[in-house]
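A.B. asks: Could you work out the structure for the sequence below:
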Amino acid sequence: MKLAVMLALVSLALCCSTASATVCRAFLQVIEHLVMGTLSDFEDAIEPFHPDLDMKEAGALMKMSLDKLPRQAKDSLMKLTRERTYECAQGWLQGDQPGAGSYGVVVSSG
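C.D. replies: You can find the predicted model right below:
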């Protein structure tokens, strides 16, 4: 469960910072391949973000961990990610950007 929360926070941080709706869609594809696709598909999906070797290796390790989750958990994680990414992109398009802390992570008081 900690991995799922971390993944959701990373998704929101990247999509709710100064990123455009286009980046949100591109990053959502990365998450979809990370959770549901093959390692090769995931590696192809991250290339537009120009990751360094350490990032690629960390992504591969996360992919291997996620591959061990049951299908229902993966489906639930993707549902959460899609819903929150959509909401975040809508807020960005409307000029409703939340405050951002370090690395663009959304800071919440609650």
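A.B. asks: in the chain, which segments are predicted with low confidence?
C.D. replies: 1-24, 86-110 (pLDDT under 70).
A.B. asks: Pro51: what secondary structure?
C.D. replies: coil (DSSP: H, G, I helix; E, B strand; the rest coil).
A.B. asks: my read: it touches Gly59, true?
C.D. replies: Yes. Assessed by Cβ atoms under 8 Å, Pro51 is found in contact with Gly59 at 6.9 Å. Backbone N, C-alpha and C define where each C-beta goes, glycine included.
A.B. asks: the more surrounded of these two?
C.D. replies: Higher neighbour count among Pro51 and Gly59: Gly59, with 19 against 15, using other Cβ atoms under 10 Å.
A.B. asks: name the helices or strands packed onto the strand or helix carrying that one?
C.D. replies: Taking DSSP states H and E as the definition, Gly59 sits inside helix 53-66. The elements that helix 53-66 packs onto, with contact taken as 3 or more Cβ pairs under 8 Å, 6 or more residues apart in numbering; DSSP states H and E, are helix 2-16, helix 21-36, helix 39-46.
A.B. asks: any idea of the angle that helix forms with helix 39-46?
C.D. replies: 130 degrees (axes from the mean of the first three to the mean of the last three Cα atoms, to 10 degrees).
A.B. asks: so helix 53-66 versus helix 21-36, what angle?
C.D. replies: Computed by the same axes, to 10 degrees, the angle between helix 53-66 and helix 21-36 is 50 degrees.
A.B. asks: list the buried ones in helix 53-66?
C.D. replies: Gly59, Met62, Lys63, Leu66 (16 or more other Cβ atoms under 10 Å).
A.B. asks: Reformat these into CSV and put distance to Asp41 next to each item.
C.D. replies: Listed next are the buried residues of helix 53-66 as CSV, based on distance: Cβ to Cβ, whole Å:
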residue, distance to Asp41
Gly59, 12
Met62, 14
Lys63, 10
Leu66, 13
